[in-house]
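J.: here is a sequence with its predicted model. Questions after.
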Amino acid sequence: MIILYVLLTILCVLVLVMLVKTLLLNKTVNSIEKITDTQVDIDKAIKNLSEMIQCKTISNPNPDLVDWKEFDKLRKYIQKSYPLVHKHLRREVIAQYSLMYTWQGTDESLEPLALLAHQDVVPVMPGTEGDWEQDAFSGRIDEQFVWGRGTLDMKHQLVCILESIETMLEKNIIPKRTVYLCFGHNEEVVGSSGGGAQEIAQTLLNRGVRLGCVIDEGGAVVDGKTFGIDGDIAMVGVCEKGYADIKITAHHDGGHASQPPKNNGLVQVCDAIVKLEKNQFKKRLIKPVEETFLELGKHMGFGMQFVLANLWLTKPLLLMVLSKSRLTNAMIRTTIAPTMAEGSPAGNVLPQTANISVNFRVLQGEKIEDVMNHIKKTSKNKNLELELLRGKEPSAISPMQGYEIDIIKITTRQLYGNIPIAPYLMVGGTDSCYFECVTDNIYCISPFKLETSDLKRIHGTNEKILKSQIENGVKFFIQLINNYCM
């Protein structure tokens, strides 16, 4: 009986502690500073975006397959459209097609700000051209939208950065803190040789430049319903997963398909894929993902708050729930996605060589070498050849508290009100990771309100952006520079 009383007492204390921790997970009320009153020529910004969309700056892992005349066309248009930028900022062409502008500040003791964007876009998937309501490279402007490839990824941010600087120069503004504009030309082909962003970062490193902060594409203002929150929320990327395209190859005797052997090359690589699918990487809750849910949890219902405030006990339950959705599953493990396969050239010919390419997004705490070992361990086939086609390791994690991220939060709330803002893990890749050699503070945010339907349009069909969001983007970068560089 005494043992029962002891157990009940322990249970009551445990529940009480958990309830207290839940109640301490309170919403925070942030004071919002007044936004700088700046008139933005939205019609000019929209026109410039439309014209840039018409430049078919499609990158390719093979430079010989790129139409470099389109990049020349874009560069000339930028030069013509932003005369003050080209008068007052120093422009350098790096790696032949990437651009770096330097807006020299008056106080060299302040570490510079770097604003990133990329000039290149992905191609339209062959066979889907007819699915577009407007031509993908028309730059069509209607009553609500600007249409075309690059309106969401990411010529919209390129335009907004340039418009913000041009607008400030019209008012003869000079920043205290130096500002770099870094526009790569091949972000969409991850890990390719001759990478523009890599070269820009290396140039800064060679010159002994240490950046205070890097801002690149990534997070955005989105509807909080995905997380059970009423109203908008903003996400700020503080790290990104690694990337690896690995080709798994098997060699076997060829011949006529009428006399098939057992376990030919195609069967072997398919067997390896099935085993990978059955043996996923372990679920893990890394610190940035934990911080995402702890911050957003302040605005969720009591049940979810109870789980998040007591992760010391409820972490397995949270991981199980997160693994059920493809969106959140990608946040808690290294993911495996077979993407391409190749066998024989004809239906009645046995393949002498068969291969399947698999895309892995590597979670922090694991490396590409771990992925290679996982394939070997699960396949248990020593005859398979593994080749890393393209890859980059997971990025470092930027500070989730501190001056730079506070400036981003202040700027975002000046535009969008007192909304929840959370750090998060980028499951996709950006150019920003290459700047780890010159800064510890890399943050990924696109200052635009995106709907759930917009997310499907990135790299997809009918990419478009609301014209009003272009104005928000220009105002964001003006305000960011005012808050951080003045």
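T.: Cool, the structure landed.
J.: element containing K377?
T.: Taking DSSP states H and E as the criterion, K377 maps to helix 368-379.
J.: tell me which strands and helices that helix is in contact with?
T.: If you count contacts as 3 or more Cβ pairs under 8 Å, 6 or more residues apart in numbering; DSSP states H and E, helix 368-379 packs onto strand 242-251, helix 265-278, strand 353-362, strand 385-392. Every residue, glycine included, has its C-beta placed from N, CA and C.
J.: switch the cut-off to 10 Å
T.: Applying 3 or more Cβ pairs under 10 Å, 6 or more residues apart in numbering; DSSP states H and E, one finds that helix 368-379 contacts strand 242-251, helix 265-278, strand 335-342, strand 353-362, strand 385-392.
J.: would TSV of these with distance to I419 and mean pLDDT be doable?
T.: Listed next are the helices and strands packed on helix 368-379 as TSV, based on distance: least, Cβ to Cβ, whole Å; pLDDT from 0 to 100:
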stretch	distance to I419	mean pLDDT
strand 242-251	30	96
helix 265-278	39	95
strand 335-342	29	96
strand 353-362	28	96
strand 385-392	32	94
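J.: quick one: closest of the ones you listed to T128.
T.: Of all the helices and strands packed on helix 368-379, it is strand 335-342 that lies closest to T128, at 17.0 Å by Cβ to Cβ.
J.: distance between the closest one and the chain's centre?
T.: 21 Å (Cα atoms, centre = their mean, to the nearest Å).
J.: C-alpha coordinates for the helix holding K377, CSV please?
T.: The C-alpha coordinates for helix 368-379 follow below in CSV (Å, rounded to 0.1, in the frame of the first residue of the first chain):
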residue,chain,number,x,y,z
ILE,A,368,27.7,12.0,-47.3
GLU,A,369,30.1,9.2,-46.3
ASP,A,370,27.4,7.9,-43.9
VAL,A,371,25.0,7.8,-46.8
MET,A,372,27.4,5.7,-48.8
ASN,A,373,27.9,3.4,-45.9
HIS,A,374,24.2,3.1,-45.4
ILE,A,375,23.7,2.0,-49.1
LYS,A,376,26.4,-0.7,-48.7
LYS,A,377,25.0,-1.9,-45.4
THR,A,378,21.5,-2.2,-46.6
SER,A,379,22.1,-3.6,-50.1
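J.: and that helix, what's buried?
T.: I368, V371, M372, H374, I375, T378, S379 (16 or more other Cβ atoms under 10 Å).
J.: what's the farthest-apart pair in those residues?
T.: I368 and S379 (16.7 Å).
J.: so which of the helices and strands packed on helix 368-379 comes closest to K449?
T.: K449 lies closest, by Cβ to Cβ, to one member of those: strand 353-362, at 25.9 Å.
J.: can you map out the helices along the stretch 201-350 of the chain?
T.: 265-278, 287-297, 302-308, 311-322, 326-329 (DSSP state H, counting those that start in this stretch).
J.: just want the angle from the longest one to strand 385-392.
T.: Between the axes of helix 265-278 and strand 385-392, defined by axes from the mean of the first three to the mean of the last three Cα atoms, to 10 degrees, the angle is 50 degrees.
J.: make residue 1 into 10 and carry on from there
T.: That works, and once the first residue is 10, the last one we named lands at helix 274-287.
J.: low-confidence stretches in the stretch 310-459 of the chain?
T.: The stretch 310-459 of the chain contains no residues with pLDDT under 70.
J.: what's the domain layout of this structure?
T.: Per the record, the chain has its domains at 51-249+405-494, 251-401, by automatic domain parsing.
J.: quick one: distance of the last one to the chain centre.
T.: Meaning domain 251-401. Remark: domain 251-401 is offset 19 Å from the chain centroid, using Cα atoms, centre = their mean.
J.: next, the distance between the ends of it.
T.: 6 Å (Cα to Cα, to the nearest Å).
J.: equivalent analysis for the first one, please.
T.: The first residue of domain 51-249+405-494 is 24 Å away from its last residue (Cα to Cα).
J.: likewise for stretch 93-107?
T.: Note: stretch 93-107 ends 20 Å apart using Cα to Cα.
J.: next, the buried residues of that stretch.
T.: For stretch 93-107, the neighbour count (16+ other Cβ under 10 Å) marks V94, H97, L98, I103, A104, Y106, S107 as buried.
J.: the fourth one and C191 touch, don't they?
T.: By that I understand I103. Yes. Contact criterion Cβ atoms under 10 Å: I103 and C191 qualify, at 8.8 Å.
J.: contacting residues for I451?
T.: Applying Cβ atoms under 10 Å, 6 or more residues apart in numbering to I451 gives the contacts 123, 125, 220, 222-225, 227, 246-249, 404-408, 413, 439, 441-445.
J.: no wait, Q361
T.: A259, H260, H261, D262, G263, G264, N273, G274, G352, S353.
J.: for the first one, list each beta-bridge partner.
T.: Okay, so that is A259. Counting by DSSP bridges, A259 forms beta bridges with A363.
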